[in-house]
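Trainee: Need a 3D model of the sequence below.
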Amino acid sequence: MSHPNIRRQWINHLRRGGLWAALLVVLSLVMLARQGVELYQSAVYRHSLAPHVLIRSTLLGADQTPQALFANAVFYDDQLKSDQALAQYAAVIARTTDSQPLRKQAYFNSGNVYLRTAIRLLEQRGLPAWDEAGPLVALAKESYQKALRIEPDWSEVKYNYHLALRLAPTTHGMNGPQQYEDEQIKAEEQPSGWPAMPGNPRGMP
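Mentor: Numbering: from 1, shown residues only. Predicted coordinates:
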């Protein structure tokens, strides 16, 4: 084999080695950048926990991580801003899987928001509010069912689910998403189970 051929082979090897080295450098830089973004997002999240403030920073998507969305949902719920809280919990659910604890907690907390809102309406306006409260109770039951599909033995979810059933038992036994059927409730009748309801939902907001 002539020397020129050997040199060409070495040059080709060096070129291929250089390409692989460049690729490894690029991959390393991408991983470092990703870790930097995650560290920043975590820092923003931790900074908001102690004072319990709304996470507003949009830099590097700091307000769009599941943890940040969940924290904002709790903040809105504490402020009695149910629509905003439910929207944030829905975003958490959309960004997580059943294997991630935040997903089942978002279902549970959503159910609590629906149920508390329904109870608040009935306490403030009495039975005339049932047309509004009934669908909220149905949505609460649906949320609790989804949480129980992930963790069937979760006692607090079971308690709140049965609390919702006692408040509006007309939909008990339906499969799949619960839907309030107002034709089953007469305006002059008191919803079955309401006088014996033991209190507000348990657990986290």
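
Trainee: mind saving the C-alpha coords of the helix or strand harbouring Ala68 as CSV?
Mentor: Assigned by DSSP states H and E, Ala68 falls within helix 66-78. Extracted C-alpha coordinates of helix 66-78, given in CSV (Å, rounded to 0.1, in the frame of the first residue of the first chain):
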residue,chain,number,x,y,z
PRO,A,66,-46.6,21.4,35.9
GLN,A,67,-45.3,22.5,39.3
ALA,A,68,-45.8,26.2,38.5
LEU,A,69,-49.2,25.6,37.1
PHE,A,70,-50.3,23.7,40.2
ALA,A,71,-48.9,26.4,42.5
ASN,A,72,-50.8,29.0,40.6
ALA,A,73,-54.0,26.9,40.7
VAL,A,74,-53.7,26.7,44.5
PHE,A,75,-53.1,30.5,44.6
TYR,A,76,-56.2,31.2,42.5
ASP,A,77,-58.3,28.8,44.6
ASP,A,78,-57.2,30.5,47.8
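
Trainee: Just want the angle from the following helix or strand past that helix to helix 66-78.
Mentor: Per DSSP H and E, the first helix or strand lying C-terminal to helix 66-78 is helix 82-94. Helix 82-94 and helix 66-78 are oriented at 160 degrees to each other (axes from the mean of the first three to the mean of the last three C-alpha atoms, to 10 degrees).

Trainee: Residues contacting helix 82-94, please?
Mentor: Helix 82-94 is contacted from outside by 64, 66, 69-70, 72-74, 76-77, 102-103, 106-107, 109-110, 113-114, 117, 205, using C-beta atoms under 8 Å, 6 or more residues apart in numbering. Yep, even glycine has a C-beta here, placed from its N, CA and C like the rest.

Trainee: what about 7 Å?
Mentor: Helix 82-94 is touched from outside by 66, 69-70, 72-73, 76-77, 102-103, 106-107, 109-110, 113, 117, with contacts defined as C-beta atoms under 7 Å, 6 or more residues apart in numbering.

Trainee: how far away is Leu80 from Asp98?
Mentor: In this view, Leu80 and Asp98 are 30 Å apart by C-beta to C-beta, to the nearest Å.

Trainee: Domains in the chain, by residue range?
Mentor: The chain breaks down by automatic domain parsing into domains covering 1-52, 64-205.

Trainee: In stretch 149-164, which residues are buried?
Mentor: For stretch 149-164, burial by neighbour count (16 or more other C-beta atoms under 10 Å) applies to 150, 154, 157, 160-161, 163-164.

Trainee: For Ala133, state which of those is nearest.
Mentor: Of all the buried residues of stretch 149-164, Ala164 has the smallest distance to Ala133: 10.9 Å, by C-beta to C-beta.

Trainee: by contact count, what packs against the helix holding Ala68?
Mentor: Applying 3 or more C-beta pairs under 7 Å, 6 or more residues apart in numbering; DSSP states H and E, one finds that helix 66-78 contacts helix 3-49, helix 82-94, helix 101-125.
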